[in-house]
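Asker: quick one: sequence and predicted model below, then my questions.
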Amino acid sequence: MRPHVPLVAGIAAARAAAGLSRLVGAGGGTTVPGKLLALIDPSAVDRLAARLPLGTALISATNGKTTTAAMTAKILAPRARLAYNRSGANLVSGVASTLLAESGAELGLFEVDEGAFPEVAQRVRPRAVCLGNLFRDQLDRYGELELIAERWRAAVRDLPETTALVANGDDPQVGDLARERSGAVLFGLDDPRHGATGLSHAADSKWCLVCGRPYRYTAAYVGHLGDYHCESCGHQRPGLDVAARSIELDGLESVAFDLVTREATRRIRLRLPGLYNVYNAVAAATLSITLGATLDEVEVGLESFSAAFGRFERIEIGDRRLLVLLIKNPAGANEAVRTLVTGGPPRLAVIALNDAIADGRDVSWIWDVDFEPLFDGLDRLVASGDRAAELALRAKYGGVPADVVELETDLGRALDRGLALTEPGGELVVLPTYTAMLALRKIVTERGFVRPYWKQAA
Amino acid sequence: MKVVIGHLYPDYLNIYADRGNIAVFERRAAWRGIELEVDEVGPGDEVRPGAHDLLYIGGGQDREQALIAPDLAAKGESVMAAVQRGAALLAVCGGYQLLGRFYRDRSGAELPGVGLFPLYTVAGERRMIGDVLLECELEPGARRTLAGFENHAGRTYLDEGAEPLGRVVAGFGNDGESGLEGCRVGRALGTYLHGPLLPRNPWLADWLLAQALRHRLGEALALEELEDSLEAEAHAVSSARAHERGGRY
């Protein structure tokens, strides 16, 4: 039996570790104290979460969890003091670290890694859970999508009866989780003008959950998310409780939509582009309303939201600007490409591919991304990161002429090269994978252009 | 000059970027002025022996593989006949398993396969995930390496005397123990390596294209060399990864 360590002692040791981690320059110290606490006292997370007077809300999804959590934080911040993992440390240790750092918080708000969701849910016994989507992602790390879906089903079944479930009805697998749970709130998009009737290459969840025949789509909005039905057995998208209608896309700048609940309709204008951000906004709105927010609060929060860390984030670099779009799996990268191209295809881009554990060691996913609409418009592509050569091959076999591609493995030099090719006042598009994005942030932080991520406000 | 690729179940078996392999065939044929047609063969479609010069089958998630397994079993004889008539074949991951004799899952139930490759596969406890480097000798005296990525729970066991695709330099391979990877039956190759396999191993793409041309024309034809320095660089990085971190749990 493990000796029982008093919570207070464990917490003190873990807090000291956070300071130490920053002191030695290991980053924000965002997971070190949590890891230590988990080692000293694994059940401390449960007890720390239980102290929050307004409970905890969890957000998980393959794509969009960071943005959805950031939007939710923006909406709820005036209402409650949050313990919120804004640094994106989204494993059990990250949740523990956040709880440690925010001792006076009233409400816990956590984005949670898809794989870690069952354990976190079981530990913190959340007041509300928001599940966004499941796409194929880093198969070397997460395994097959079906496996994650199976774990989520079990985790949802084990949630306390009082936990409110908010789920994306447009995702067959995720919407299905709500079927067994009365009182679940389903959100989605409802504007077929913006939907496709066919699915993109390598789409997931294409086959009817009930009978295995292909789904038909009245409208597919993002990957396999949309209004689906099975012609064979009649299985279809469940009715939506909260929907986005009358969507207006405005290039790279913004998107507006009607947020339609069972009670009211509110026009929302986001300062972010793309249908995928409409999904994020509707998810954040639905979760916030479930937690007691008013439509006014939702509107103010969403309309004042700019961008989460590395997700369509604009960074001023002297007289030029970076536009950073994190890419990490085919579905997410497809939306980044689609949004960029809709806003007027760039002629120059830096794409940085790393293969650390957090990026996925298996880089084959880049071949499932529909990069071609972006490639077609490029005069210059700077391929960077540890697997730059693989990326350059993706471009070569995607039809990009050899003289358009420059190989620069080093991220700092790739950034310099990209900036040199950008006219003053212009914007440089950078698509990095996760660890490349962190490395890029470090470079621009060292140059004094952004604040360290652990100091940013919600 | 025209070669026809039969791509089996592209809507179902595409989990590890199989379309990258197809893109390599298409581009490398086009750069040499060879016309190439990709014929997508789905459930219910027929494989007519002689119609395709090269058959390609990729990997899928468990659910997709289970959905197409009965259809593939029904196509088994015509796939075997196509290969016997000299068509080339490349099977990757799940497709490789399904072309063996059977797949035994964790409950002990056996899913019958096509039986083209003299092997069987048994589901294991832990997945074998990581970078792999192989050494192959498809033509006597011509030793080449293949660099890829593997991710499989199945342990594949070759029959006595069966020919592997290559020997494992770094990585797990068929079963994590024998040091063998993949299987070869004449012009038919099966392997767990994706990555996808062909972009960073263009010599194998060219070998398969040459076999396909031989099937079409009835005679061997030397393919003109292409500029492959980028491919060589990607191969070198991938090989180094296999040495660094392949084959460990």
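Answerer: Looks like it arrived, so ask away.
Asker: the residue nearest the centre of chain B sits in which helix or strand?
Answerer: Geometric centre of chain B, nearest residue: B:Ala91, 3.1 Å, by C-alpha atoms, centre = their mean. Using DSSP states H and E, B:Ala91 falls within strand B:88-92.
Asker: ok, the helix or strand just after that strand near chain A or not?
Answerer: Sequence order places helix B:94-98 as the next helix or strand after strand B:88-92, per DSSP H and E. No. Against chain A, helix B:94-98 shows no contacts by C-beta under 8 Å from any C-beta of the partner chain, the least distance being 10.8 Å. For every residue, glycine as well, the C-beta is placed using N, CA and C.
Asker: coming back round to it: how about residues contacting the strand holding B:Ala91?
Answerer: B:16, B:18, B:21, B:53-59, B:79, B:82-83, B:98-99, B:116-117, B:187-194, B:196-197, B:208, B:211-212, B:215 (C-beta atoms under 8 Å, 6 or more residues apart in numbering or on different chains).
Asker: repeat for stretch B:158-166
Answerer: Counting by C-beta under 8 Å, 6+ apart, B:117-119, B:134-137, B:146, B:174, B:178, B:180-185, B:189-191 sit against stretch B:158-166.
Asker: any idea how far that stretch is from the chain center?
Answerer: Stretch B:158-166 has its C-alpha centroid displaced from the chain centroid by 15 Å (C-alpha atoms, centre = their mean, to the nearest Å).
Asker: what mean pLDDT does it get?
Answerer: Averaged across stretch B:158-166, pLDDT comes to 97.
Asker: stretch B:212-220 now?
Answerer: pLDDT averaged over stretch B:212-220 gives 94.
Asker: CA atoms only for it, dumped as PDB, please.
Answerer: In PDB, the C-alpha atoms belonging to stretch B:212-220 read as follows (Å, rounded to 0.1, in the frame of the first residue of the first chain):
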ATOM      1  CA  ALA B 212       3.600  -4.200 -64.600                       C
ATOM      2  CA  LEU B 213       5.100  -3.200 -67.900                       C
ATOM      3  CA  ARG B 214       6.400  -6.700 -68.400                       C
ATOM      4  CA  HIS B 215       2.900  -8.000 -67.800                       C
ATOM      5  CA  ARG B 216       1.500  -5.600 -70.400                       C
ATOM      6  CA  LEU B 217       4.200  -6.000 -73.100                       C
ATOM      7  CA  GLY B 218       5.300  -9.600 -72.500                       C
ATOM      8  CA  GLU B 219       8.900  -8.500 -72.300                       C
ATOM      9  CA  ALA B 220      11.300  -6.800 -69.800                       C
END
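Asker: residues of chain A that sit close to chain B?
Answerer: Checking chain A against chain B by C-beta under 8 Å from any C-beta, the hits are A:136, A:139-140, A:143-146, A:201-202, A:206-207, A:212, A:214, A:355, A:361-368, A:386-387, A:389-390, A:392-394, A:396-399, A:402, A:407.
Asker: filter those to the buried ones?
Answerer: By neighbour count, with 16 or more other C-beta atoms under 10 Å in any protein chain shown, the residues of chain A next to chain B hold A:136, A:139-140, A:143-146, A:202, A:206-207, A:355, A:361-368, A:386-387, A:389-390, A:392-394, A:396-398 as buried.
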